[in-house]
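Asker: generate coordinates for the sequence data below:
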Amino acid sequence: MAIALVKEMFNEFNDPDLTYIESRDGNTEWFKLSFLADDKYHTYKDGKRQFIEKYNDELNDVMSNFLNKYQKEFESSFIDENEFEVLDRTKEIAKDLKETLDKEFLVPDGIVLFSIDLVGSWQAFKSSGKSDLEKRFYQNISEHVKEQHEK
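Answerer: Alright, predicted model coming up:
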C-alpha cells in the first residue's frame, strides 16, 4: 500500500448510525474530513479506504467529544448569532476542529489533515431578528432548547 486519502463524515447529532444518504434532508450539518495517511495507518475494508481499527476508534472518540462540546449550539441553530455572525461562528468551530485534531489525533508524518468540508445545511446568513415577529419566534426557540437541556 501507499499513502492514501481517507475520508470520514461526522454529523451534528453525533449519531454514528446516521448516514449522509439518509439525511440529505437539508436539515443536517456534517463535517467531511479528509486525511492523508501513510500505509501503516490505513486499510481497505468493506469497499472503503479507512483507518486501521486503532486510529478509527481514536478518531471516533475525538469527534464524539468535539461534537458534544458544540451540541447545544448545533441544536439551537446558532441562536445567539445574527446576520453573518453565523458564518464567523462556523469558521471558529472549524478552526477549533483543526486544532483539536492536531492535538488529539494526527500523527506527524503518518496522518495529516488534508481538508475539512462543511456539508449539508450550514447557514451563511441569518436575519438579525429585529422585527417583533422574529423576536417572538427566537424567544420560543430559546425557551424550547432551554427546557430540553434542563431535562
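Asker: ramachandran coordinates for Q50?
Answerer: Per-residue torsions, Q50: phi -150, psi 170 (degrees, to the nearest 10).
Asker: hang on, I meant L113
Answerer: Main-chain torsions, L113, degrees, to the nearest 10: phi -70, psi 120.
Asker: for it, grab the count of nearby residues.
Answerer: Neighbour count for L113, taken as other CB atoms under 10 Å: 15. C-betas here are computed from N, CA, C, even on glycine.
Asker: residue contacts, L18?
Answerer: 11, 28 (CB atoms under 8 Å, 6 or more residues apart in numbering).
Asker: and the nearest residue to Y70 once chain neighbours are set aside, what element?
Answerer: The shortest distance from Y70 to any non-neighbouring residue, by CB to CB, 6 or more residues apart in numbering, is to I93 (6.0 Å). For I93, the host element (DSSP states H and E) is helix 85-104.
Asker: and if you look at K135?
Answerer: Using DSSP H and E, K135 falls in helix 132-150.
Asker: tell me the mean pLDDT for that helix?
Answerer: Across helix 132-150, pLDDT averages out at 85.
Asker: then it to CSV, C-alphas only?
Answerer: C-alpha atoms of helix 132-150 as CSV (Å, rounded to 0.1, in the frame of the first residue of the first chain):
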residue,chain,number,x,y,z
ASP,A,132,-41.5,41.7,16.5
LEU,A,133,-42.4,38.5,14.7
GLU,A,134,-38.7,37.4,14.7
LYS,A,135,-38.3,38.3,18.3
ARG,A,136,-41.2,36.1,19.3
PHE,A,137,-40.0,33.3,17.2
TYR,A,138,-36.5,33.3,18.6
GLN,A,139,-37.9,33.6,22.2
ASN,A,140,-40.0,30.4,21.6
ILE,A,141,-37.0,28.5,20.2
SER,A,142,-34.7,29.6,23.1
GLU,A,143,-37.3,28.5,25.7
HIS,A,144,-37.7,25.1,24.0
VAL,A,145,-33.9,24.5,23.9
LYS,A,146,-33.5,25.6,27.5
GLU,A,147,-36.3,23.2,28.6
GLN,A,148,-34.7,20.3,26.7
HIS,A,149,-31.4,20.8,28.4
GLU,A,150,-32.9,21.0,31.8
